[in-house]
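S.K.: let me see the structure of the following:
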Amino acid sequence: LDTREAVAANASPFTGQTQTYDWQASWWEGQVSLPPMVHANADVWQAFLRQCHGQSNAFLLGNPKATTPRGAPSGVPVVSGAGQTGYSLVTRGWTVKRFNLLRAGDSIQIGYRLYRVLNQVDSDAGGDATIAIWPNLRDQPADGTPLVLNHCKGLFRLKNNSGNKFSINAGSYGFTGFAVQEAI
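M.R.: All right, here's what the predicted structure looks like:
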């Protein structure tokens, strides 16, 4: 999955100073590619794409090559405090004074939203940890909402209403792929 940011910059033609505008909007986009497959499996994928009705319906999607964190999570982590916004998440419920619970690049899921951890996560003496995340929090999670750390997924939809091409070769069927975008 690729990352997208809503950030603008304006440089003064007189001084060269640059002012940036961070609109606090980030989202996932990507391309799903599938290997050549037998006819029966191709029919299932074609049916899935048709059920999407273009960009109408959302679905859960994760990274099949990154199903577990590279860190060593322990405890039962949950959101600590309601009303959180932005690019960090305050959590509790970790095993106390543990290092490397999560590593930069690990994923977490909160509700139906997928987030990437931006740096190493360690817990303090109370089992609390603040996690730098990307993208910014989509919803304000309720206090006590559990963090999903394995097989993380996010809510996506097709990026385009059409353009999902199917190919048929001798003995195998496949797609050239389809584009997805986070459903915000």
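S.K.: name the element residue 131 belongs to?
M.R.: According to DSSP states H and E, residue 131 maps onto strand 129-134.
S.K.: contact partners of that strand?
M.R.: Applying C-beta atoms under 8 Å, 6 or more residues apart in numbering, the set of residues contacting strand 129-134 from outside is 3, 26, 77, 87-92, 94, 101-102, 108, 115-119, 121-123. In this view, the C-beta of every residue, glycine as well, is placed from N, C-alpha and C.
S.K.: now, the residues you listed that are in helices?
M.R.: With helices taken from DSSP state H, there is no overlap with the contacts of strand 129-134.
S.K.: what subset of these is buried?
M.R.: The neighbour-count test (16 or more other C-beta atoms under 10 Å) marks 26, 77, 87, 89, 91-92, 94, 101-102, 108, 115-118, 121, 123 as buried among the contacts of strand 129-134.
S.K.: inside strands: which ones of those?
M.R.: With strands defined by DSSP state E, the entries of the buried ones among the contacts of strand 129-134 inside them are 26, 77, 89, 91-92, 94, 108, 115-117.
S.K.: just the strands in the chain please.
M.R.: Under DSSP E, the chain gives strands at 2-11, 18-32, 59-62, 75-79, 88-94, 107-110, 113-117, 129-134, 153-158, 165-169, 172-182.
S.K.: centre of the chain to the fourth one, how far?
M.R.: What it means is strand 75-79. Chain-centre distance of strand 75-79: 19 Å, with C-alpha atoms, centre = their mean, to the nearest Å.
S.K.: now swap in the third one and tell me
M.R.: A distance of 9 Å separates the C-alpha centroid of strand 59-62 from that of its chain, computed with C-alpha atoms, centre = their mean.
S.K.: elements contacting that strand?
M.R.: Using 3 or more C-beta pairs under 8 Å, 6 or more residues apart in numbering; DSSP states H and E, the elements in contact with strand 59-62 are strand 153-158.
S.K.: can you check what angle separates the strand it packs on from strand 18-32?
M.R.: Relative orientation of strand 153-158 and strand 18-32, computed by axes from the mean of the first three to the mean of the last three C-alpha atoms, to 10 degrees: 80 degrees.
S.K.: same question for strand 153-158, mean pLDDT?
M.R.: Average pLDDT, strand 153-158: 96.
S.K.: try stretch 78-85
M.R.: With pLDDT averaged residue by residue, stretch 78-85 scores 96.
S.K.: if we can go back for a sec, paired strands for the strand holding residue 131, with orientation please.
M.R.: Strand 129-134 sits in its sheet next to strand 88-94 (antiparallel), strand 113-117 (antiparallel), going by DSSP bridges.
S.K.: which one, of the strands of the chain, ends up nearest to residue 43?
M.R.: Of all the strands of the chain, it is strand 172-182 that lies closest to residue 43, at 8.2 Å by C-beta to C-beta.
S.K.: how far away is the most centrally placed residue in the chain from residue 162?
M.R.: For the chain, the residue whose C-alpha lies nearest the mean C-alpha position (C-alpha atoms, centre = their mean) is residue 114; its distance is 3.3 Å. If you measure residue 114 against residue 162 using C-beta to C-beta, to the nearest Å, the figure is 26 Å.
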